[in-house]
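Asks: Fold the following, please.
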Amino acid sequence: MPGQHVRTMALFCEDDFDELHRRLYELCKAHVVTIDTLAHWLNIEPRQGMENVLMKTMDDRSRDVFTTDLFKSVRLELEREHEAGEPYGLLILDNISQHFQINHNDLVTVNRVVNILTRLAMDYDIGILLLGHTAKALDSQFAGSMAWSDAVRSRLLFARVEVDGMDTAEAVLKRMKANYAGRDTIPMRYDAGVFKRTDTRAEDKVEQIRRDKRNARERSRGAARARQADGARPAREQQADGA
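Replies: Sure, this is the predicted structure:
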């Protein structure tokens, strides 16, 4: 299924502006686009060193979940753009441990958090991408309660490929759970600041973009040369053509 362009709001709790700009620059270069073209589509908020809690309980024993002023400001932005006819289609929250001040091992509490996010997604017709770290245990896929997996519609796992216990430049993006799709794996490699797909489909897509841009430039140059040649012809010939 082809991808769809949607406006995206992203809250990054562990990165500052310069770091996010550097990453975005490398991504744009790899995908043959400019940062300017993303101005309308991408609303990135660097929140390193700020108060990032979206939901919380009174203490670890409580299961009553309260939303914060930050959550209310996110909802207000989604509502404002939705009513203006330029709605967001994706909300990225990075990461779970900073955004939710709860007992992450409690199934009931995690379910309540996911339900509040689900209501937000339904109200504004958006997808929500939650980013989280894995636990320290070997082969861990996520940290905390199983509800972080059971209560959502899909779950992805991004993992480095290790050789003899050491990370390599290779990585994989695996679909570990999907209610409406099969499981699959995308091989990737870290190159020039970007994780790039290494399967031929990705390479063909990038090359097609480059070919299309080269062809567009050639057509533009050809049209410009034709206009210049037409302008250099004697006025008598141009009048004859018009007659």
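Asks: just the strands in this protein please.
Replies: 7-12, 42-46, 55-56, 66-67, 88-94, 100-101, 127-131, 154-163, 166-178, 185-191, 194-197 (DSSP state E).
Asks: Would you format these as JSON lines with mean pLDDT and distance to Leu20 included?
Replies: In short, each C-beta sits where N, CA and C put it, glycine included. Output for the strands of the chain, formatted as JSON lines (pLDDT from 0 to 100; distance: least, C-beta to C-beta, whole Å):
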{"stretch": "strand 7-12", "mean pLDDT": "97", "distance to Leu20": "6"}
{"stretch": "strand 42-46", "mean pLDDT": "95", "distance to Leu20": "5"}
{"stretch": "strand 55-56", "mean pLDDT": "98", "distance to Leu20": "24"}
{"stretch": "strand 66-67", "mean pLDDT": "97", "distance to Leu20": "25"}
{"stretch": "strand 88-94", "mean pLDDT": "97", "distance to Leu20": "10"}
{"stretch": "strand 100-101", "mean pLDDT": "96", "distance to Leu20": "22"}
{"stretch": "strand 127-131", "mean pLDDT": "95", "distance to Leu20": "14"}
{"stretch": "strand 154-163", "mean pLDDT": "87", "distance to Leu20": "18"}
{"stretch": "strand 166-178", "mean pLDDT": "87", "distance to Leu20": "20"}
{"stretch": "strand 185-191", "mean pLDDT": "91", "distance to Leu20": "18"}
{"stretch": "strand 194-197", "mean pLDDT": "90", "distance to Leu20": "14"}
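Asks: tell me the contacts of the closest residue to Pro87 other than its chain neighbours?
Replies: Spatially, and ignoring its direct neighbours in sequence, Pro87 is nearest to Glu81 (5.6 Å; C-beta to C-beta, 6 or more residues apart in numbering). By C-beta atoms under 8 Å, 6 or more residues apart in numbering, Glu81 lies in contact with Arg7, Pro87, Tyr88.
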